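Q: One predicted model, sequence on top.
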Amino acid sequence: MGSAKRDVVIVGGGIMGLMTAYFLTQKGASVTVLEKGRLPCGSSYGNAGLIVPSHLQPLCSPANLKEGFRHLFNPVGPFSVSLTGDGRRLLWLGRFAAHCTEAHVARAVSVYRDLADRSLVLHDALAELGGSHYEYGRHGLLCVYASKKGFQAACEEAEALCRAGRPARVLEADALRRLEPSLADAVVGGILQEPDGSLNPSAFMTWLAQRVRDQGGQIAEETEVFGAEVSQGRVVRLRTNRGPVAGEQFVVAAGAWSGILTGRMGVRLPVEPAKGFSITYEAPLDALRHPLLLEEARVAVTPMEGALRLAGVLELSGFDDAVPLRRLDAMERDLTTFLPSLGRLAVREIWRGFRPCTPDGLPVIGRLRSPKNLLVGSGHATKGMFLGPVTGELLAEFLEGRSPAPSVERAVDPNRFAHLF
Ligand SMILES: Cc1cc2nc3c(=O)[nH]c(=O)nc-3n(C[C@H](O)[C@H](O)[C@H](O)COP(=O)(O)OP(=O)(O)OC[C@H]3O[C@@H](n4cnc5c(N)ncnc54)[C@H](O)[C@@H]3O)c2cc1C
């Protein structure tokens, strides 16, 4: 590692780390990103790539809690929790359950609305520069239903979305199949969430890393941060497998590992990993026109160039990286149930990743009280690919001494959990 002191040293080369580096280097700051893997990697590599301004609900909600209980003993359900082994996870689950109230959902939705509106503007602006390199498209997201009850409830939600200024078109079965002919006859209807879209995550990360380098940023791959030297309430340098790295300011954007890392710097953050899977298939270019959410299965299907990606499952089982075959089989069954005409597709890649999750379902973005020159950007759970740009912009602003609207700053303040420990 070069020994020159950098303005900002960022831990983690996922979307949060790279977006922060992007906005900082744009303004001429000297920035180094330290990444333990090789880019593109982390949860930002193999996710569904959905851009979802219409999905403002936090992970903790009464509906998800009910759904979680319903699937507690279902080995192939969309959610699972391992209750064994880890007392910390049980504590986290208790706090998560306590936030599953309508009042908290309403508060979180209003915070997510502000973040989503800004992130969409930034995604669109980035796409002007390089969208064709990473298949960025705002073609809407089709949420499809195999049950009448689910579709009816979705129609009511669609009305509420429209009232909130997010156009959502209700499609009965025939209209739906005209729009997406590969869908099975068993699908009873769908909602087209018009502002939404998708991108190819690994292509986006590769493009973004190149932009950061072009703007003068350094990205040190295969560089793992073990901890920090802290003196007089400030981080002086990070200790890595490639030697110490000094800086003025430091950002932990280490995804699901963020809590572990800040813990080694004396700051406890309740960020818990939630494992998910994706299966990418070789597929004809016209296999699907829109990204889909198979709502009952809670599986996303994203068309990519010459490929289709199935993504889903939320498993709270720590950093256990096992890939249970029954889960893959269940996802493949969902594909044949909803899209039977695609037939058997060849598998290109099977992947698992860890979403970073907080117990109140809101991200942690901002400066820590101590060490004073340490910031965090993490905890975006299921929405990180979408909210990466606004998070990078916010962190760059914090580093420049500017603050966002007080309501957003308070809601995402990483110090808000300090009283829990
Ligand atoms: C199956 C699945 C589907 C998803 N679909 C979507 C979607 O459609 N839309 C959406 O918006 N979001 C989606 N997400 C969520 C999204 O992927 C995450 O929220 C987002 O990628 C998190 O980004 P991050 O930068 O915080 O973490 P990561 O991308 O995980 O990056 C953190 C990086 O830090 C590195 N690191 C960790 N510890 C250290 C250390 N000590 N030293 C150096 N480096 C370190 C890691 O190697 C990693 O590369 C999905 C997630 C999953 C699992």
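A: All right, it came through fine. Residues are numbered from 1 along each chain as shown.
Q: what number of residues lie near the closest residue to residue 198 other than its chain neighbours?
A: The shortest distance from residue 198 to any non-neighbouring residue, by C-beta to C-beta, 6 or more residues apart in numbering, is to residue 291 (4.4 Å). C-beta coordinates here come from the backbone N, C-alpha and C atoms, glycine included. Residue 291 has 28 neighbouring residues, counting by other C-beta atoms under 10 Å.
Q: CA-only coordinates of stretch 113-128 in CSV, if you can.
A: Output in CSV follows, covering the C-alpha atoms of stretch 113-128 (Å, rounded to 0.1, in the frame of the first residue of the first chain):
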residue,chain,number,x,y,z
ARG,A,113,-39.7,8.5,0.1
ASP,A,114,-37.1,11.3,0.5
LEU,A,115,-34.2,8.9,-0.1
ALA,A,116,-35.9,7.2,-3.1
ASP,A,117,-36.8,10.4,-4.9
ARG,A,118,-33.2,11.6,-4.7
SER,A,119,-31.7,8.3,-5.6
LEU,A,120,-33.8,8.0,-8.7
VAL,A,121,-32.7,11.4,-9.9
LEU,A,122,-29.0,10.3,-9.3
HIS,A,123,-29.5,6.9,-11.0
ASP,A,124,-31.0,8.7,-14.0
ALA,A,125,-28.1,11.1,-14.1
LEU,A,126,-25.5,8.3,-13.9
ALA,A,127,-27.3,6.4,-16.6
GLU,A,128,-26.9,9.5,-18.9
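Q: bridging residues for the residue of the stretch 101-250 of the chain found nearest the ligand?
A: Ranked by C-beta to the nearest ligand atom, the top residue of the stretch 101-250 of the chain for proximity to the ligand is residue 225, at 3.8 Å. Here residue 225 sits in beta bridges with residue 240, going by DSSP bridges.
Q: Tell me who's in contact with it.
A: By C-beta atoms under 8 Å, 6 or more residues apart in numbering, residue 225 lies in contact with 11, 34, 36, 238, 239, 240, 254, 261.
Q: mind checking how far it is from residue 238?
A: Plainly put, residue 225 is 5 Å away from residue 238 if you go by C-beta to C-beta, to the nearest Å.
Q: Common neighbours of the two, please.
A: With C-beta under 8 Å, 6+ apart as the test, residue 225 and residue 238 both reach 11, 34.
Q: In a helix, residue 331, correct?
A: Yes: in this structure, residue 331 lies within a helix as judged by DSSP: H, G, I helix; E, B strand; the rest coil.
Q: so who does the nearest residue to residue 135 once chain neighbours are set aside touch?
A: Excluding its sequence neighbours, the residue lying closest to residue 135 (C-beta to C-beta, 6+ apart) is residue 200, at 4.3 Å. Residue 200 is in contact with 49, 134, 135, 304, 305, counting by C-beta under 8 Å, 6+ apart.
Q: Quick check: nearest residue in space to the residue of the stretch 251-400 of the chain found nearest the ligand, chain neighbours excluded?
A: Nearest to the ligand in the stretch 251-400 of the chain, going by C-beta to the nearest ligand atom, is residue 384, at a distance of 2.0 Å. Once flanking residues are discounted, residue 384 sits nearest to residue 15: 6.0 Å by C-beta to C-beta, 6+ apart.
Q: Relative to residue 419, how far out is that neighbour?
A: For residue 15 relative to residue 419 (C-beta to C-beta), the value is 30 Å.
Q: Looking at those two, which is more packed in?
A: Each of residue 15 and residue 419 has its neighbours counted (other C-beta under 10 Å); residue 15 has more, 31 against 6.
Q: How about the contacts made by that one?
A: Counting by C-beta under 8 Å, 6+ apart, residue 15 touches 44, 204, 205, 208, 384, 385, 388, 392.
Q: Quick check, pLDDT for the first one.
A: At residue 44, the predicted lDDT confidence score is 98.
Q: how about the strands in the stretch 301-421 of the chain?
A: 307-316, 347-357, 364-367, 374-378 (DSSP state E, counting those that start in this stretch).
Q: Could you count how many residues lie near residue 345?
A: Neighbours of residue 345 (other C-beta under 10 Å): 19.
Q: Up against the ligand, what does the stretch 201-350 of the chain have?
A: 224-225, 253-257, 261, 276-278, 300, 311 (C-beta under 6 Å from any ligand atom).
Q: 5 Å instead?
A: 224, 225, 254, 255, 257, 276, 311 (C-beta under 5 Å from any ligand atom).
Q: Quick one: buried ones out of these?
A: Of the members of those, the ones counted as buried by neighbours, 16 or more other C-beta atoms under 10 Å, are 225, 254, 255, 257, 276, 311.
Q: coming back round to it: pick out the lowest-pLDDT one from the contacts of residue 200.
A: Among the contacts of residue 200, residue 305 has the lowest pLDDT, at 94.
Q: and the closest residue to that one other than its chain neighbours, what is it in contact with?
A: In space, and not counting its chain neighbours, residue 305 is closest to residue 135: 5.9 Å by C-beta to C-beta, 6+ apart. The contact partners of residue 135, by C-beta under 8 Å, 6+ apart, come to 198, 199, 200, 203, 304, 305.
Q: so who does the fourth one touch?
A: Residue 203 is in contact with 133, 134, 135, counting by C-beta under 8 Å, 6+ apart.
Q: right, and the helix or strand after the top helix by length along the chain?
A: Longest among the helix segments of the chain by residue count, using DSSP state H, is helix 102-130. Remark: after helix 102-130, the chain's next helix or strand is strand 141-145, criterion DSSP states H and E.
Q: name the helices or strands packed onto that next one?
A: On a contact count with 3 or more C-beta pairs under 8 Å, 6 or more residues apart in numbering; DSSP states H and E, strand 141-145 meets helix 148-163, helix 173-179, strand 189-193, strand 292-294.
Q: By mean pLDDT, show me the worst of the ones you listed.
A: Mean pLDDT values for those show the minimum at helix 148-163, a mean of 92.
Q: coming back round to it: may I ask you to confirm that the residue nearest to residue 198 is in contact with residue 303?
A: Yes: counting by C-beta atoms under 8 Å, residue 303 is a contact partner of residue 291 at 6.5 Å.
Q: For residue 18, which residues are in contact?
A: Here residue 18 is in contact with 33, 205, 208, 209, 212, 219, 388, 392 (C-beta under 8 Å, 6+ apart).
Q: Would you mind giving the buried ones among the residues of the stretch 201-350 of the chain next to the ligand as a markdown table with pLDDT and distance to residue 358 added?
A: Formatted as a markdown table, those follow (pLDDT from 0 to 100; distance: C-beta to C-beta, whole Å):
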| residue | pLDDT | distance to residue 358 |
| --- | --- | --- |
| 225 | 98 | 21 |
| 254 | 98 | 14 |
| 255 | 98 | 12 |
| 257 | 98 | 14 |
| 276 | 97 | 16 |
| 311 | 98 | 21 |
